[in-house]
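K.L.:
need a 3D model of the following:
(chains A and B)
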Amino acid sequence: MNDPTILILTSLSSGERHGYALLQDIERFAGVRLGPGTLYGAIGRLEQRGMIEPVGDSGRRRPYRLTAAGSLELESSLAQMRTIVDEGTARLGHRPAPATMRTTEALA
Amino acid sequence: MNGDRSTRRLLAWYPPSWRARYGEELAALILDMTDGRQLSWRLRADIAAAGTRERLRGVGDARGGGRLVLWAWAIFIIAGAIVAKTSEHWQTTLPVGGHWIAAAAFPALTVLAIATALLVLAGIALTIPSLIAFLQTGGWPKIRAWILAAAALSTALVAATVAIVAWAHGLTHAARNGHDALYATAFLIWAALAAITLLAWTKAATTTANRLSLTPTTLHLHARLAPAIALAMTLMTTATMMVWVAVAVAAPASIRPPAGTAPSVPSDTPQAFAILAAAGLMTFATALAGVGARRADSV
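P.N.:
Numbers count the residues shown, from 1 in each chain, chains lettered A, B, ... in the order given. A predicted model of the protein is given here:
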């Protein structure tokens, strides 16, 4: 869940942001503090894959926005995560609690 | 501005092509994060690791790949010019009907050269909308130095061309082809100036391309053009080798005149050197284009 590319796509899904605004937003909703190198490495990869694009043609604080391909990628990744979360939750629900397991082992 | 200087030093971890595209933005982000304070070891480590990763990923991938192909094409043109110059003599020394391989390979080489030049021009044309946008947003100062240097060299080349053509008109065929040492030296200096001018324009073009915001569509089209250009260069290198082998078999005197005979060219040494130089440059350029095409395809 700490994949910087997913975090960036999620942040940009609510509007365009430049680097510093992205870092602050990601820290706020995910509790993850990305380093600037990590952030821009992910931005570069996402831009090359056409998932995000810069707004405007130059400038030191250039904002980025999500593309249609980026929206699809985010939806697909979130659906995958939801499947894993649902499956994990369901399996945890059917597993005996740790204390019960120890009692059962003692009785055997 | 101490922090600004140390930030710029830190960005040296990244490859130049990456810095040209994202360096300013990353420097601004670091400035925002530190607010002029000293850079923490954690931030430095993050930049060092990310910069190293970018270097390992290979020269900005698609963008760097396209740049390598353009450099390869410039080197190939220089080799092609050497081939064209040396071919002037071979074609007149070949026996009629005894060189069908050369007769087939040479026109194929010409057609391929024109087709490849058109592919390279198409690749450059794709970047024009981004270039216009870049210039409209004040990008000119960032590329001015290289463009002006290339333009100055072009002006010198035009003047040198006019001078050497005027000189050549007053010389005999033999004098123009190496029997006049002074003219031969001037011709070599002119050829070197032409090669340097071509390389200067290539540097100006790649420096500019590195600063453009190319759309994913453009990068994808470049990724398709690059292997086609690399393949065409491979075929042209093969065709050139076939011409030389055919000529060496059908008319060995044109490359190495037998002792005691008047050579069609002043000496076999410059001819053999020119062939070796062209072969080496063509092979190197073709290999470079192959590497560039592979990187360009990593979009």
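K.L.:
is there any residue in stretch B:40-52 that contacts chain A?
P.N.:
Yes: Stretch B:40-52 lies within reach of chain A by CB under 8 Å from any CB of the partner chain, at B:Arg42, B:Leu43, B:Asp46, B:Ile47, B:Ala48, B:Ala49, B:Ala50, B:Gly51. Yep, even glycine has a C-beta here, placed from its N, CA and C like the rest.
K.L.:
residues of that stretch that come out buried?
P.N.:
Within stretch B:40-52, the residues scored as buried using 16 or more other CB atoms under 10 Å in any protein chain shown are B:Leu43, B:Arg44, B:Asp46, B:Ile47, B:Ala50, B:Gly51.
K.L.:
now do that stretch: distance to the chain's middle.
P.N.:
Its chain's C-alpha centre and that of stretch B:40-52 lie 35 Å apart, by CA atoms, centre = their mean, to the nearest Å.
K.L.:
which other helices and strands contact the top helix by length along chain B?
P.N.:
Longest helix in chain B, counting residues (DSSP state H): helix B:216-250. Counting contacts by 3 or more CB pairs under 8 Å, 6 or more residues apart in numbering or on different chains; DSSP states H and E, helix B:216-250 packs against helix A:36-48, helix B:62-93, helix B:100-125, helix B:268-296.
K.L.:
any idea how far B:Ile189 lies from B:Lys142?
P.N.:
Distance, B:Ile189 to B:Lys142, by CB to CB, to the nearest Å: 32 Å.
K.L.:
quick one: which of these two has more around it?
P.N.:
B:Lys142 (16 against 12; other CB atoms under 10 Å in any protein chain shown).
K.L.:
okay, the helices and strands packed on helix B:216-250 in TSV with distance to B:Thr218 and mean pLDDT next?
P.N.:
TSV is the format used below for these (distance: least, CB to CB, whole Å; pLDDT from 0 to 100):
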stretch	distance to B:Thr218	mean pLDDT
helix A:36-48	12	92
helix B:62-93	9	83
helix B:100-125	9	87
helix B:268-296	11	84
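K.L.:
can you tell which of the ones you listed is closest to B:Thr238?
P.N.:
In terms of CB to CB, the element of the helices and strands packed on helix B:216-250 nearest to B:Thr238 is helix B:100-125, at 8.3 Å.
K.L.:
that closest one to helix B:268-296, inter-axis angle?
P.N.:
Angle, helix B:100-125 to helix B:268-296, by axes from the mean of the first three to the mean of the last three CA atoms, to 10 degrees: 50 degrees.
K.L.:
got the buried residues for helix B:100-125?
P.N.:
Applying 16+ other CB under 10 Å to helix B:100-125 flags B:Ala102, B:Ala105, B:Phe106, B:Leu109, B:Leu112, B:Ala113, B:Thr116, B:Leu119, B:Val120, B:Gly123 as buried.
K.L.:
go on, stretch B:164-176?
P.N.:
Those would be B:Ile164, B:Trp167, B:Ala175, B:Arg176, for stretch B:164-176 by 16+ other CB under 10 Å.
K.L.:
could you say which of the helices and strands packed on helix B:216-250 is packed most deeply?
P.N.:
Of all those, helix A:36-48 carries the top mean neighbour count, a mean of 22, counting by mean count of other CB atoms under 10 Å in any protein chain shown.
K.L.:
which helices and strands does that one pack with?
P.N.:
Helix A:36-48 packs on helix A:4-12, helix A:19-30, strand A:52-54, helix B:16-34, helix B:41-57, helix B:216-250, going by 3+ CB pairs under 8 Å, 6+ apart.
K.L.:
about what we covered before: rebuild the buried residues of helix B:100-125 as a markdown table, extending it with distance to chain A.
P.N.:
Below are those laid out as a markdown table (distance: CB to the nearest CB, whole Å):
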| residue | distance to chain A |
| --- | --- |
| B:Ala102 | 45 |
| B:Ala105 | 40 |
| B:Phe106 | 41 |
| B:Leu109 | 36 |
| B:Leu112 | 31 |
| B:Ala113 | 32 |
| B:Thr116 | 26 |
| B:Leu119 | 22 |
| B:Val120 | 22 |
| B:Gly123 | 17 |
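K.L.:
poorly predicted segments of the chain, please.
P.N.:
This is for chain A. Scanning chain A with the threshold set as pLDDT under 70 gives A:1-2, A:57-58, A:94-108.
K.L.:
um, chain B though
P.N.:
B:1-3, B:56, B:58-62, B:88-99, B:251, B:253-270, B:298-299.
K.L.:
would you map out the domains in it?
P.N.:
B:2-57, B:62-296 (automatic domain parsing).
K.L.:
next, count neighbours for B:Pro16.
P.N.:
Neighbours of B:Pro16 under the rule other CB under 10 Å: 14.
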